[in-house]
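Enquirer: Here is a sequence together with a model predicted from it:
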Amino acid sequence: MATDFSRTLSLLRQEKGVSQRKAAAELGISQALLSHYENGIREPGLAFVTRACDYYHVSADYLLGRTLSRDGSIIEAGDVYDSSGEKGSLRGSIMATLQKKLVVNTAGVLFDQLGKTGSREAVTAAGDYLSGALYSLLRQLYRRGGISRREACRLLLFSNNCGPAFILGVAGLGCFGSLRAGVLLWGVHILAALVIALALPRQAAEPSERPGSVPARPPLVPALIAAVRDAAGTMVYICGFVVFFLVLLRVMGRVTGLSHPVLSGAVELTQGILALPHTRRGFVWAAGLLGWGGLSVHGQSAAVLSGTDLPMGPYLAAKAAHAAVSVLLAWPVSMCL
């Protein structure tokens with residue numbers, strides 16, 4: 001709690017644009033004591049927490065890191081777009097339609113409950129897992145001849161994007177304390193991905209590249225075992241890369257003394273996003289980092305796509321382009337904050 005409280009207290013003061021001396025005087029404490037609070041050296045009493053909430057116009061839950069909403073409210077399910085009500089949006093077998101509805105509804109309930117917990121770590125873990133699952137789906141589709149190699153490469157260049165739950169919850173509410181900022185970041189993120197998709201050259205697949213006939217459906221039990229094994233392996237990949245790059249960031253910080261949020265975000269996205277300042281420049285950097293995704297995510301993608309002949313070089317170049325386009329789009333959008 002002390003870490004969340006001290007960080008939030010310091011960021012609120014910086015956002016308010018007041019010096020530590022002035023804030024301490026208006027809060028009725030010494031500058032040294034406020035410095036201890038902001039650096040997590042000491043924990044405050046209830047009287048100070050109450051004064052700080054009134055001074056910065058936030059709820060106690062937000063100040064203590066128990067919620068992502070400044071006024072302590074909860075984002076209701078009606079505030080999030082629900083695609084399950086669409087009709088005629090999916091073409092194909094009845095089984096595919098049923099599975100799509102099941103996954104969409106389950107994911108909606110999952111993120112609704114995760115949002116109520118106020119845990120950024122839980123939201124991030126769920127988003128990472130689902131992203132890995134989508135990559136597994138792309139790999140299976142490619143292996144089974146559902147799409148050609150060229151089509152798979154093209155999809156890989158612009159379809160690996162941050163989910164709205166992560167952008168709205170972690171980037172918007174968690175970093176900037178504003179759902180509006182999260183919505184703007186999500187819009188910039190999707191628009192930049194569309195720009196990348198439209199900029200890619202369209203080439204007709206060669207006859208040898210066209211998908212062949214889909215293999216016969218395997219028996220239920222072997223298919224279930226293979227699906228569970230693949231999902232478990234994906235989860236191990238994700239956890240392994242997250243832990244590796246978090247340790248790498250800690251070592252780099254101690255050895256080099258560099259701890260800039262952009263450098264951290266380029267390696268592990270969540271750490272960098274949460275350390276950005278609450279300014280227009282911070283908003284622009286956040287858009288760029290979301291477009292890039294972080295080396296941790298790229299490592300997870302490489303692990304999931306292992307065993308295929310899909311190249312990672314064009315993918316990394318496309319993510320760098322996504323980051324650049326996001327920065328260009330975010331600068332004028334930041335004036336809407």
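Expert: Ah, there it is.
Enquirer: Please enumerate the strands of the stretch 51-200 of the chain.
Expert: Under the criterion DSSP state E, counting those that start in this stretch, strands are not mapped anywhere in the stretch 51-200 of the chain.
Enquirer: Show me what the helix or strand containing residue 49 packs onto, helices and strands only.
Expert: Applying DSSP states H and E as the criterion places residue 49 in helix 46-56. Other helices and strands packing on helix 46-56, by 3 or more CB pairs under 8 Å, 6 or more residues apart in numbering; DSSP states H and E, are helix 2-16, helix 20-27, helix 60-63. Using the backbone N, CA and C atoms, a C-beta is placed for each residue, glycine as well.
Enquirer: Which of these sits closest to residue 268?
Expert: Closest to residue 268 of the helices and strands packed on helix 46-56 is helix 2-16 (CB to CB; 16.7 Å).
Enquirer: helices or strands up against that closest one?
Expert: Here helix 2-16 touches helix 20-27, helix 31-38, helix 46-56, helix 60-63, going by 3+ CB pairs under 8 Å, 6+ apart.
Enquirer: Tell me which of those sits most buried.
Expert: Each of those was scored by mean neighbour count; the highest is helix 60-63, a mean of 19, by mean count of other CB atoms under 10 Å.
Enquirer: quick one: average confidence on it?
Expert: Helix 60-63 shows a mean pLDDT of 84.
Enquirer: picking that back up, reformat the helices and strands packed on helix 2-16 as JSON lines; add distance to residue 179.
Expert: Formatted as JSON lines, these follow (distance: least, CB to CB, whole Å):
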{"stretch": "helix 20-27", "distance to residue 179": "26"}
{"stretch": "helix 31-38", "distance to residue 179": "26"}
{"stretch": "helix 46-56", "distance to residue 179": "18"}
{"stretch": "helix 60-63", "distance to residue 179": "13"}
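Enquirer: just to revisit the earlier point, who's in contact with the helix holding residue 49?
Expert: For helix 46-56, contacts defined as CB atoms under 8 Å, 6 or more residues apart in numbering pick out 9, 12-13, 16, 23, 26-29, 37, 44, 59-60, 63-64.
Enquirer: Give me the three-state assignment for residue 306.
Expert: Following DSSP: H, G, I helix; E, B strand; the rest coil, the label given to residue 306 is coil.
Enquirer: try the one 5 residues further on
Expert: Here residue 311 is coil, with the state taken from three-state DSSP.
Enquirer: quick one: low-confidence parts of the stretch 51-200 of the chain?
Expert: Where the stretch 51-200 of the chain drops to pLDDT under 70, the residues are 68-69, 72-109, 111-112, 114-115, 118-147.
Enquirer: Please apply the same query to the stretch 201-337 of the chain.
Expert: Applying pLDDT under 70 to the stretch 201-337 of the chain flags residues 202-224, 226-227, 230-231, 233-235, 237, 258, 304, 307-308.
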